[in-house]
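1. Sequence first, predicted model second:
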Amino acid sequence: MSAAGDRLARVRDRICDAAARAHRDPDEVTLLGVSKRQPLERVLDAVEAGLGQLGENYAQEARDKRPDFEAGRLQRNLPEPRWHFVGQLQRNKARLVVPLFDVVETVDRTALAIALDRSASSAGRVLDVLLQVDLSGEATDGPKGGVEPDALPTLLADVSGLEHLRVVGLMAIPAAQQDPEATRPAFARLRALRDDLSSRPEGRSLRELSMGMSGDFEVAIEEGATIVRVGTALFGARDS
């Protein structure tokens, strides 16, 4: 087994173990490989080993790396992965992101949603989006972003009314903790928010919970995560 295949297998084993502890089917959990600042060969090796979903944090990095990735993928006859944008996004980058990604996980304000909707309309497509929620008590314009929980119902109503966006779930990046257990309350709260909103007409499509990264994804799975965003545990240390 290749190094990429070995890392992928180990992460999948951890996903299965966490799902078993929560009496869940591990197939309910999507493994998203966050490939920002990773060497191209590592990313291609992971796709060849069976990784089917990739995430990027920076629109311009994704734009610059995708041609080389596509060339390598075609040369090696690899399947096309599904791409998620998982970084903070400015409105003026919406036109750049829409052609490159299948999912945008970090919609946290109506103005951004409107910009994405317009770009998706121009591209003739419907874009899946997740609403990012700030569960760390930080300002929404801070480095992690996110809508305040009290404002989430209004944002959901606004975005659900846009023709070319499909709201499929919620996403959060809790404050970093040394002990993964310390993130459990935030994950539980995001699940509770999703469950509450799912009872509303505009929230019926909220099936996804994107939460948990390399250091705490097992706790996130135990609390209901359906997407876990894993970088270094899959690809190794990032390039500086």
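-> Thanks, I have it.
2. C-alpha from now on. contacts and neighbour counts both.
-> Noted.
3. Thr106 contacts Val168, correct?
-> No: Thr106 lies out of contact with Val168 (CA atoms under 8 Å); the separation is 12.0 Å.
4. who touches both of the two?
-> Listed as contacting both Thr106 and Val168 by CA atoms under 8 Å, 6 or more residues apart in numbering are 129-130.
5. Name the residue in these two with the higher neighbour count.
-> Thr106 (27 against 20; other CA atoms under 10 Å).
6. Now do the helix or strand harbouring that one: everything it contacts.
-> In this structure, Thr106 sits in strand 103-107 according to DSSP states H and E. For strand 103-107, contacts defined as CA under 8 Å, 6+ apart pick out 83-89, 113, 127-132, 146, 170-171, 210.
7. thinking Phe217 is in contact with Ile227, fair?
-> No: shown here, Phe217 and Ile227 do not form a contact pair, counting by CA under 8 Å, at 9.2 Å.
8. Those two: who's more crowded?
-> Set side by side, Phe217 and Ile227 show more neighbours around Phe217, with 25 against 22, by other CA under 10 Å.
9. Please confirm that Val168 is located within a helix.
-> No: the assignment for Val168 (DSSP: H, G, I helix; E, B strand; the rest coil) gives strand, which keeps it out of a helix.
10. which ones are touching the closest residue to it other than its chain neighbours?
-> Closest residue to Val168 apart from its sequence neighbours, by CA to CA, 6 or more residues apart in numbering: Leu206 at 4.6 Å. Residues near Leu206 by CA under 8 Å, 6+ apart: 167-170, 194, 197-198.
11. and with 10 Å instead?
-> 130-131, 156, 166-170, 194-195, 197-199 (CA atoms under 10 Å, 6 or more residues apart in numbering).
12. Now a PyMOL select for only the buried ones of those.
-> Per 16 or more other CA atoms under 10 Å, the buried members of these correspond to this PyMOL selection:
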select buried, resi 130+131+156+166+167+168+169+170+194+197+198
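13. ok, and for stretch 229-240, which residues are buried?
-> 229-235.
14. What does the residue nearest to Val168 show for phi and psi?
-> With angles defined as degrees, to the nearest 10, Leu206 sits at phi -80, psi 90.
15. Test for you: state the pLDDT assigned to it.
-> The model reports Leu206 with a pLDDT of 96.
16. separation between it and Glu61?
-> Per CA to CA, to the nearest Å, Leu206 is found 29 Å from Glu61.
17. same deal with Leu135?
-> 27 Å.
18. and the lengthiest helix in the chain, C-alpha only, in PDB?
-> If you go by DSSP state H, the chain has its longest helix at helix 3-21. Taking Å, rounded to 0.1, in the frame of the first residue of the first chain, the C-alpha atoms of helix 3-21 are listed here in PDB:
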ATOM      1  CA  ALA A   3       1.900   6.100   1.900                       C
ATOM      2  CA  ALA A   4      -1.300   7.900   0.800                       C
ATOM      3  CA  GLY A   5      -3.300   4.700   0.900                       C
ATOM      4  CA  ASP A   6      -2.000   3.900   4.400                       C
ATOM      5  CA  ARG A   7      -2.900   7.300   5.700                       C
ATOM      6  CA  LEU A   8      -6.300   7.100   4.100                       C
ATOM      7  CA  ALA A   9      -6.900   3.700   5.600                       C
ATOM      8  CA  ARG A  10      -5.900   4.800   9.100                       C
ATOM      9  CA  VAL A  11      -8.300   7.800   9.000                       C
ATOM     10  CA  ARG A  12     -11.100   5.600   7.700                       C
ATOM     11  CA  ASP A  13     -10.500   3.200  10.500                       C
ATOM     12  CA  ARG A  14     -10.800   6.000  13.000                       C
ATOM     13  CA  ILE A  15     -14.000   7.100  11.400                       C
ATOM     14  CA  CYS A  16     -15.400   3.600  11.600                       C
ATOM     15  CA  ASP A  17     -14.400   3.400  15.300                       C
ATOM     16  CA  ALA A  18     -16.000   6.700  16.100                       C
ATOM     17  CA  ALA A  19     -19.200   5.800  14.300                       C
ATOM     18  CA  ALA A  20     -19.400   2.500  16.100                       C
ATOM     19  CA  ARG A  21     -19.100   4.300  19.500                       C
END
